[in-house]
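S.K.: Give me a model of this one.
(chains A and B)
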There are 2 protein chains.
Amino acid sequence: VQTRSPLELVNWTNEEGARFAPAMMGSGVWGGEFDLEETYAATDREGVTVRQGLESLGEIGAAPARSFPIRAALEIHIEQGRVLEAAGRQIGVVTGVQGIRWYDLVISGSACHAGTTPMEERRDPVRLLAALLDAVYALAEDAAPWSRVTFGELRADPGSRNTVPERLTVTIDLRHPEQSQLDAMHARLRAIVADQDSSRASVALNEVWHSPPVVFDAGCVAAVRRSAERLGYPALDIVSGAGHDSVYVSRVAPTAMIFIPCRDGLSHNEVEYASPEDVAAGGDVLLGAVLELDAES
Amino acid sequence: VQTRSPLELVNWTNEEGARFAPAMMGSGVWGGEFDLEETYAATDREGVTVRQGLESLGEIGAAPARSFPIRAALEIHIEQGRVLEAAGRQIGVVTGVQGIRWYDLVISGSACHAGTTPMEERRDPVRLLAALLDAVYALAEDAAPWSRVTFGELRADPGSRNTVPERLTVTIDLRHPEQSQLDAMHARLRAIVADQDSSRASVALNEVWHSPPVVFDAGCVAAVRRSAERLGYPALDIVSGAGHDSVYVSRVAPTAMIFIPCRDGLSHNEVEYASPEDVAAGGDVLLGAVLELDAES
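M.R.: Down below sits the predicted model:
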């Protein structure tokens, strides 16, 4: 096949961010989110810079690391969740990426002796946590099915078996693919925290990150959907729950993504697995969408 | 004053247990709870044994470290809580020591991605914790005012902001001065854990320590109460929430304790404070009780 537009195959540098932070570094520089020199200067735990790492591999090229006009960008990825597997579909037509808000919740009480302090005299942050948890989980139910509420870290200080904790530190991760819904969850979270009885313990909510939802280009998404239909692969519209290079690419080019199933939803794990059949199906859909978008160009 | 019985003044070795475990070491050996040679062999973090520590101080005496018949034992101590201060009383007539049960609660779910995993697919241990906390706190309300429920340690593993935790580890400390009530709290805790929906996460409850309640000798307690009355100090019957040397002494001799107020209930802290007036009042009550018990002997 001779395409009308030239094709570029990209494997973005440091998508994962495991050695050098932040993640999605290559696409972030290309898409204008990150400054090139600051990114080159990022270091790993041993103090090695990104520039040194790339030079040692002979991978620091001469082409400028910045975007140029392109017709469309398509990315294929394993789902990293169980949605396609549970639905029995082979192709995920990714319509966008969830927005994310990250918070630190600090509940401060008074450390005191577990034996000598009557219950009514305590300022026990765990008690206030108990009141908060159900209310915050309800945010997810009220914005189902695409909302996500996660308490990933919980820590009690000083963390002694016979002492009421002085302080609980809890992280909250809220996600939703629609900005209006994510904003509503944010407002309700703030209201829940403000409603707590401050005589029982005090609560501070600090937002540490906000990544707005991404809605992919309608034409590119439609090309992926039609490609799966033509090829007869059972497909499902899906919103990505994880960040991907396409988030940054989509800021400067029409973009969409294709997902394939992830066994048991296990990802970032030695047992992560996609079947050869699903990998081939994803490649077929990608090729079909590329050719359709090229024909329209 | 010439007493009929001889008096012994005791400052028990290593009540606190800060350098060598366990706490209440001297009274525990004297009262028969701990073996002498095993106790001598206990080491601090640098590997120094109790025997070496005592020898280096010249404090390893020749008298045998075991109990002998005595008429009565009285101990005076700062309350380490706020009960006397809140009640405006100067003397605590300590009728016994709370029983304690310690547990490790391990809630096991499945670690998964905070973005890609729908809420209904999750086995989220924090969600199960939310259901448990209120039910366990209710144990304290139902056995008020002497019951205590404390969650001192909470930890999420792996403890990553964008990952549903695999596992929560929580400690529970239950206390009550009456064995029957403490046993009822224990049985209800086990029932609460057994009632949890295991499809949401699995829960394991492991009891790691059980210290039965101690009821002090009625004659000694009455002597303390009468002494306070005679001297005109406002007194209150109180149950100790912390362990003390008298727990072990009471196993081999009639025993009671006297508490004096603790400013703001703060103990094990640089600001721990008892006023000179309260210290003197406690000493007066101790002397009066000793003389009464001596006169009865």
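S.K.: For chain B, what is the nearest residue in the stretch 151-297 of chain A?
M.R.: Here the residue of the stretch 151-297 of chain A nearest chain B is residue A:241; by C-beta to the nearest C-beta that distance is 2.9 Å. Placement of C-beta: from N, CA and C, glycine included.
S.K.: Give me the number of neighbouring residues for the spatially closest residue to that residue that is not a sequence neighbour.
M.R.: Nearest residue to residue A:241, sequence neighbours excluded (C-beta to C-beta, 6 or more residues apart in numbering or on different chains): residue B:115, at 2.9 Å. Residues lying near residue B:115 (other C-beta atoms under 10 Å in any protein chain shown) number 21.
S.K.: Quick check: residues of the stretch 151-297 of chain A near chain B?
M.R.: A:151-156, A:159-165, A:168, A:171, A:173, A:175, A:240-243, A:265, A:267-268 (C-beta under 8 Å from any C-beta of the partner chain).
S.K.: go with 10 Å
M.R.: A:151-165, A:168-175, A:208-209, A:238-243, A:259, A:262, A:264-269 (C-beta under 10 Å from any C-beta of the partner chain).
S.K.: residue contacts, the residue nearest to the spatial centre of chain A?
M.R.: The centroid of chain A falls nearest to residue A:242 when counting by C-alpha atoms, centre = their mean (3.0 Å). Neighbouring residues of residue A:242 by C-beta atoms under 10 Å, 6 or more residues apart in numbering or on different chains: A:23, A:77, A:79-81, A:97-98, A:100, A:175, A:267-268, B:113-116, B:162.
S.K.: Hmm, which of these is lowest in pLDDT?
M.R.: Comparing pLDDT over the contacts of residue A:242, residue A:268 scores lowest. The value there is 77.
S.K.: Quick check: it vs residue B:111, distance?
M.R.: 9 Å (C-beta to C-beta, to the nearest Å).
S.K.: And these two? Which one has more around it.
M.R.: residue B:111 (20 against 13).
S.K.: Would you quantify the distance from the more buried one to chain A?
M.R.: From residue B:111 over to chain A the distance is 9 Å, taken as C-beta to the nearest C-beta, to the nearest Å.
S.K.: Show the pLDDT at the closest residue to that residue other than its chain neighbours.
M.R.: Distances taken as C-beta to C-beta, 6+ apart put residue B:166 closest to residue B:111, at 3.8 Å, once the chain neighbours are dropped. Per-residue confidence (pLDDT) for residue B:166: 95.
S.K.: Check residue A:117 too.
M.R.: 89.
S.K.: can you check residue A:144 too?
M.R.: In this prediction, residue A:144 has a pLDDT value of 88.
S.K.: Who are the contact partners of residue A:205?
M.R.: Residue A:205 touches A:103-107, A:170, A:172, A:186, A:189-190, A:192-194, counting by C-beta under 10 Å, 6+ apart.
S.K.: can you put those residues in JSON lines and add neighbour count and secondary structure?
M.R.: Putting the contacts of residue A:205 into JSON lines (neighbours: other C-beta atoms under 10 Å in any protein chain shown; DSSP: H, G, I helix; E, B strand; the rest coil) gives the following:
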{"residue": "A:103", "neighbour count": "23", "secondary structure": "strand"}
{"residue": "A:104", "neighbour count": "15", "secondary structure": "strand"}
{"residue": "A:105", "neighbour count": "21", "secondary structure": "strand"}
{"residue": "A:106", "neighbour count": "16", "secondary structure": "strand"}
{"residue": "A:107", "neighbour count": "27", "secondary structure": "strand"}
{"residue": "A:170", "neighbour count": "25", "secondary structure": "strand"}
{"residue": "A:172", "neighbour count": "24", "secondary structure": "strand"}
{"residue": "A:186", "neighbour count": "19", "secondary structure": "helix"}
{"residue": "A:189", "neighbour count": "22", "secondary structure": "helix"}
{"residue": "A:190", "neighbour count": "13", "secondary structure": "helix"}
{"residue": "A:192", "neighbour count": "18", "secondary structure": "helix"}
{"residue": "A:193", "neighbour count": "19", "secondary structure": "helix"}
{"residue": "A:194", "neighbour count": "10", "secondary structure": "helix"}
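S.K.: circling back to that earlier point, mind listing the shared neighbours of residue A:268 and residue B:111?
M.R.: B:160, B:163.
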